[in-house]
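[1] the following block contains a protein sequence and its predicted model.
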Amino acid sequence: MLAASMTNPSFAGGFFESVSSSYSLKFPQASWVLGPTLGNPNERQKHLPLRVSRKSRGAQVVTCSVETIKRTGQERVDILSEALPFIQKFQGKTVVVKYGGAAMKDETLKDGVIKDLVLLSCVGLRPVFVHGGGPEINGWLAKVGIQPQFKNGLRVTDAATMEVVEMVLVGKVNKSLVSLINKAGGNAVGLCGKDGRLITARPQGVDLGFVGEVASIDTSVLKAIVENGSIPVIASVAADKNGQAYNINADTAAGEIAASLGAEKLILLTDVAGLLLDRENPESLVKEVDIKGVKKLVQQGIVSGGMIPKVNCCIRSLAQGVHTASIIDGRLPHSLLFEILTDEGAGTMITG
């Protein structure tokens, strides 16, 4: 949820649900022209349109005046028609989304991501949904008395831990997401790297136990699902040639799947605004950068820590044919729609 300060209104999913003559709102991503929900006509009058200018991608304070109005049919049609060029650009194209972070933990954000995914599918995009589930795994490890261990940011996965990881990611998180997508009107198919030999794994290091890396990808089963108009939902668990299960980093899995599918776009949902030149200054967001430029940012130490694996994942996918890769702010409601259906985006886009 956006960090917002205001006098009276309550902020929920981009809409204000109480009346105020004016207020100030501060948030890390500049806003969009937002209107009332298009649901129950009796509810529309309760929602207030928010109109602000988008002067930068960083933090800003805007003062807005709002009033209770009801959108006319023409206004709703005009808003939808503005999305046409973006829909045409991506229609029939594959977009791989790696789902995680705040968007996975916050129920309001989760609901928004699911609905955005279904909307994109309905207008002709071919979304592929890849997920991890770290917090959920930690919760279940605690229930069975296993203390999580990490080394260089990677989970050390012994046999007992691997059993819990597979149970949680494949049996619980994956099926929960499938159910939510189906409930929202989509047609989701849940699977993991083991299914159809989608991902063949190999050990990443002897000190990490059953943490694996991608040895090969076979997208045959994915292509059949996508061409049928369904949404694949993929848990980042795979097996080696001997059938041993491995925990795969979800960012890495998403990048390799995107490359193998020849995807138009790879999107990584994160808990940051994108790549920042100054981590303390949201105004320093890099909106777009090419491979050469992002490598320079890594060399200069501007991109560091946990962002480096994400950047490397994007670079690798671009080098293998993905057209663009974006690291976007999953804390921003409807960040997927911002990234795909507007020219403003919701984070940093990396190009080849």
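    It's in. Owing to the predicted nature of the structure, the values given are computational and were not obtained by experimental measurement. Residues are numbered from 1 along each chain as shown.
[2] on the three-state scheme, Ser216 is what?
    strand (DSSP: H, G, I helix; E, B strand; the rest coil).
[3] so what's it scoring on pLDDT?
    pLDDT, Ser216: 96.
[4] sec struct for the closest residue to it other than its chain neighbours, please.
    For Ser216, the nearest residue in space outside its immediate sequence neighbours is Thr200; the separation is 4.6 Å by Cβ to Cβ, 6 or more residues apart in numbering. The way it works is simple: take the backbone N, C-alpha and C, and place the C-beta from them, glycine included. With three-state DSSP as the basis, Thr200 sits in strand.
[5] identify the bridge partners of Thr200.
    Thr200 forms beta bridges with Ser216, Ala239, as assigned by DSSP bridges.
[6] where does the chain have low pLDDT?
    Applying pLDDT under 70 to the chain flags residues 1-70, 152-153.
[7] ok, back up a step: contacts only, for the residue nearest to Ser216.
    Contacts of Thr200 were listed using Cβ atoms under 8 Å, 6 or more residues apart in numbering, and they are 193, 214-218, 238-241.
[8] are any of those residues buried, and which?
    193, 214, 217, 238-239 (16 or more other Cβ atoms under 10 Å).
[9] where does the most centrally placed residue in the chain sit: helix, strand or coil?
    Most central in the chain under Cα atoms, centre = their mean is Leu269, positioned 3.2 Å from the mean C-alpha point. Under three-state DSSP, Leu269 falls in the strand class.
[10] which stretches of the stretch 251-352 of the chain form helices?
    In the stretch 251-352 of the chain, the helices defined using DSSP state H, counting those that start in this stretch lie at 291-299, 307-319, 335-341.
[11] next, the angle helix 291-299 makes with the second one.
    Read it as helix 307-319. Counting by axes from the mean of the first three to the mean of the last three Cα atoms, to 10 degrees, helix 307-319 lies at 160 degrees to helix 291-299.
[12] helix 307-319 - contacts with which helices or strands?
    With contacts taken as 3 or more Cβ pairs under 8 Å, 6 or more residues apart in numbering; DSSP states H and E, helix 307-319 sits against helix 250-261, strand 265-270, helix 291-299, strand 324-329, strand 347-351.
[13] gap between the two ends of stretch 300-310?
    Start-to-end span of stretch 300-310 (Cα to Cα, to the nearest Å) is 17 Å.
[14] list the buried ones in it?
    Quick answer for stretch 300-310 (16+ other Cβ under 10 Å): 302-303, 307, 310.
[15] pick the one among these closest to Phe90.
    Closest approach to Phe90 among the buried residues of stretch 300-310 (Cβ to Cβ): Lys310, at 22.1 Å.
[16] and the closest one, what does it touch?
    Taking Cβ under 8 Å, 6+ apart as the criterion, Lys310 is in contact with 251, 268, 270, 327.
[17] which one (most neighbours) among those residues?
    The most crowded member of the contacts of Lys310, judged by other Cβ atoms under 10 Å, is Ile327 (29 neighbours).
[18] and that one, bridged to which residues?
    Counting by DSSP bridges, Ile327 is bridged to Leu268, Thr348.
[19] which residues does it contact?
    By Cβ under 8 Å, 6+ apart, Ile327 lies in contact with 268, 270, 272, 274-275, 307, 310-311, 314, 347-348, 350.
[20] again, 7 Å this time
    Residues near Ile327 by Cβ atoms under 7 Å, 6 or more residues apart in numbering: 268, 270, 274-275, 310, 314, 347-348.
[21] re earlier: doesn't Val96 make contact with the residue nearest to the centre of the chain?
    No: using Cβ atoms under 7 Å as the test, Leu269 is too far from Val96 to be in contact (11.5 Å).
[22] which neighbours do those two have in common?
    Common contact partners of Leu269 and Val96 (Cβ under 7 Å, 6+ apart): none.
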